[in-house]
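Engineer: just need the structure, nothing else, for what follows:
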Amino acid sequence: MPGPDSYPIKSPSQSHVAGSTLRFHSWVPRRGPSGGRNVIDGFEITIDVADLDVSVAAIEGADLWRFFKRIQIEQAGGQLRWNLRGDESRAACYLLEGPDRVREFADAAIATDAVVKFSVYIPMERRYAVEPRDFSLAAELLSELRIECTDVAEFTGSTVVMTGASYYVTAWCHEEFSVRICPYDVVSAMAFPSTTGLQLPVAGRLHDLLFYARGVAGGASVANFTDTRIDYLIPVALSRLDTLGQYQRDRRNATNLASADGAQVRMDPFINAKAVPVLWCTDRTSVFDGPLLDQAIINVTNSVASLLAINRVVKPRDPQIVAAVMDRHGLKEESFRVKTKGKSKRGREKWSPEQEAFMPLVAPLYR
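Structural biologist: Just a heads-up that it's a prediction; the model follows:
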């Protein structure tokens, strides 16, 4: 249930039009119920279908994410904080949120005139970070959330007809009583141009990375993926099974179901060989961890076709965002101090330019 530290703000509904893009903006007020800044920790995206006809084959529950063909979250300045297809978002959420926070759904059976309503959650707050809410998005910096409506091509093997479908978005927020400007992250995907590797643009710190190939039932099998090596990050080639055990420990999803030896407790595309965990954060990860890279040179031994590198990159503060926030709140450069984990908020001159660019800035909020 909503509480004093987390509350929902729901958008108006918009109707589904196959192949079109719905734009949600300006529904989250800049100020919260007590006069502080509204800050968004995540978005619950809901589809409500009044009449769903499914024939030929049922839709697997894991594939219901395909009802959202693409999800984009854009912040002020045009930076896409999230830019993934629906099924890619499912795989990313498992890595970023952990399997205990990702909802799965029952299959959509062969039927006519079915009424279907379900939602997916796209996090902005980073559960696995030293300061999770440093990555939450201030409402004043939300440009828009875009949903590309699905079409029949998304459901291979099934024939799907939707009538009377609509979407709405619920922003889950908390309130802050200071002006904070933090480094931000970008979640996106890039296709491998070949089965041997990829040069992935970074321009920041690569904190999370998984490999995924689109397919029915939650993705194509990656059982035949052999290994990967990344300059400066993974110097020795590691296989999927080399990384899977540590991923399971860090995400508390070991295969130890009491009723069946070696079975998994929760659904998980990494355990089910539907995705490869490569890099991931823990609750000890700070914005300073990992080298600053212009690009990541990823080498793979692989026979899986159409592989995608779904990645999360931490970027330094955007000077345009800093200037816009200062102007909106009537603040000056000297108003800000660097927020540290200690008691003090030290002056910015105490830090090197590289360090300072990744530190959250804090200034008073004048109401």
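Engineer: burial measure for residue 82, as a count.
Structural biologist: By other CB atoms under 10 Å, 24 other residues sit near residue 82. C-beta here means a position set from N, CA and C on the backbone, and glycine is covered the same way.
Engineer: quick thing: my sequence starts at 614, can you match it?
Structural biologist: Let's use 614 as the start, then, which means that last one is residue 695.
Engineer: tell me which residues touch residue 897, please.
Structural biologist: Residue 897 makes contact with residue 743, according to CB atoms under 8 Å, 6 or more residues apart in numbering.
Engineer: do a quick rundown of the strands in the stretch 814-963 of the chain.
Structural biologist: 840-843, 847-852, 888-892, 906-914, 920-928, 950-951 (DSSP state E, counting those that start in this stretch).
Engineer: closest to residue 778 out of those strands?
Structural biologist: The closest of the strands of the stretch 814-963 of the chain to residue 778 is strand 920-928. By CB to CB, the value is 26.7 Å.
Engineer: what is that closest one packed up against?
Structural biologist: Where contact means 3 or more CB pairs under 8 Å, 6 or more residues apart in numbering; DSSP states H and E, strand 920-928 is packed against helix 699-710, strand 797-804, strand 810-826.
Engineer: export these to a markdown table and tack on distance to residue 927, mean pLDDT and mean neighbour count?
Structural biologist: Converted to a markdown table, these look like this (distance: least, CB to CB, whole Å; pLDDT from 0 to 100; neighbours: other CB atoms under 10 Å):
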| stretch | distance to residue 927 | mean pLDDT | mean neighbour count |
| --- | --- | --- | --- |
| helix 699-710 | 12 | 98 | 24 |
| strand 797-804 | 5 | 98 | 19 |
| strand 810-826 | 5 | 97 | 20 |
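Engineer: nearest to residue 941, of these?
Structural biologist: Shortest distance between residue 941 and the helices and strands packed on strand 920-928, using CB to CB, is found for strand 797-804: 17.1 Å.
Engineer: give me the contacts around that closest one.
Structural biologist: Contacts to strand 797-804, defined as CB under 8 Å, 6+ apart, come from residues 688, 692-698, 701, 705, 709, 739, 748, 811, 813-814, 817, 820-821, 825, 919-928, 930-931, 934.
Engineer: mind checking the helices and strands packed on strand 920-928 for the one nearest to residue 898?
Structural biologist: Set against residue 898 and scored by CB to CB, the helices and strands packed on strand 920-928 come closest in strand 810-826, at 6.6 Å.
Engineer: off-centre distance for that closest one?
Structural biologist: Offset of strand 810-826 from its chain centre (CA atoms, centre = their mean, to the nearest Å): 14 Å.
Engineer: which elements pack onto that strand?
Structural biologist: On a contact count with 3+ CB pairs under 8 Å, 6+ apart, strand 810-826 meets helix 699-710, strand 797-804, strand 888-892, strand 906-914, strand 920-928.
Engineer: what is the burial count for residue 730?
Structural biologist: 11.
Engineer: in what helix or strand does it lie?
Structural biologist: Counting by DSSP states H and E, the element that carries residue 730 is strand 724-736.
Engineer: buried residues, that strand. List them.
Structural biologist: 729, 731-736 (16 or more other CB atoms under 10 Å).
Engineer: between the residues you listed, which sits nearest residue 654?
Structural biologist: residue 736 (7.2 Å).
Engineer: contacting residues for that closest one?
Structural biologist: Applying CB under 8 Å, 6+ apart, we find residue 736 in contact with 654-655, 706, 709-710.
Engineer: could the helices and strands packed on strand 920-928 go into TSV alongside distance to residue 644?
Structural biologist: TSV is the format used below for the helices and strands packed on strand 920-928 (distance: least, CB to CB, whole Å):
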stretch	distance to residue 644
helix 699-710	28
strand 797-804	21
strand 810-826	31
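Engineer: which one of the ones you listed lies closest to residue 895?
Structural biologist: Nearest to residue 895, of the helices and strands packed on strand 920-928 and by CB to CB, is strand 810-826 at 10.4 Å.
Engineer: what angle do the closest one and strand 797-804 make?
Structural biologist: Orientation of strand 810-826 against strand 797-804 (axes from the mean of the first three to the mean of the last three CA atoms, to 10 degrees) gives an angle of 90 degrees.
Engineer: only C-alpha atoms, please: export strand 810-826 in PDB.
Structural biologist: The C-alpha coordinates for strand 810-826 follow below in PDB (Å, rounded to 0.1, in the frame of the first residue of the first chain):
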ATOM      1  CA  GLY A 810      32.100  -9.100 -30.700                       C
ATOM      2  CA  LEU A 811      31.000  -5.500 -30.300                       C
ATOM      3  CA  GLN A 812      32.400  -2.100 -29.700                       C
ATOM      4  CA  LEU A 813      29.800  -0.600 -27.200                       C
ATOM      5  CA  PRO A 814      29.800   3.200 -26.800                       C
ATOM      6  CA  VAL A 815      30.000   4.000 -23.100                       C
ATOM      7  CA  ALA A 816      31.200   7.600 -22.300                       C
ATOM      8  CA  GLY A 817      30.900   6.800 -18.600                       C
ATOM      9  CA  ARG A 818      31.000   3.800 -16.300                       C
ATOM     10  CA  LEU A 819      29.500   0.500 -17.500                       C
ATOM     11  CA  HIS A 820      27.800  -0.900 -14.500                       C
ATOM     12  CA  ASP A 821      25.400  -3.600 -15.800                       C
ATOM     13  CA  LEU A 822      25.500  -5.700 -18.900                       C
ATOM     14  CA  LEU A 823      23.600  -8.800 -20.100                       C
ATOM     15  CA  PHE A 824      23.300 -10.600 -23.400                       C
ATOM     16  CA  TYR A 825      19.900 -11.500 -24.800                       C
ATOM     17  CA  ALA A 826      18.300 -12.700 -28.000                       C
END
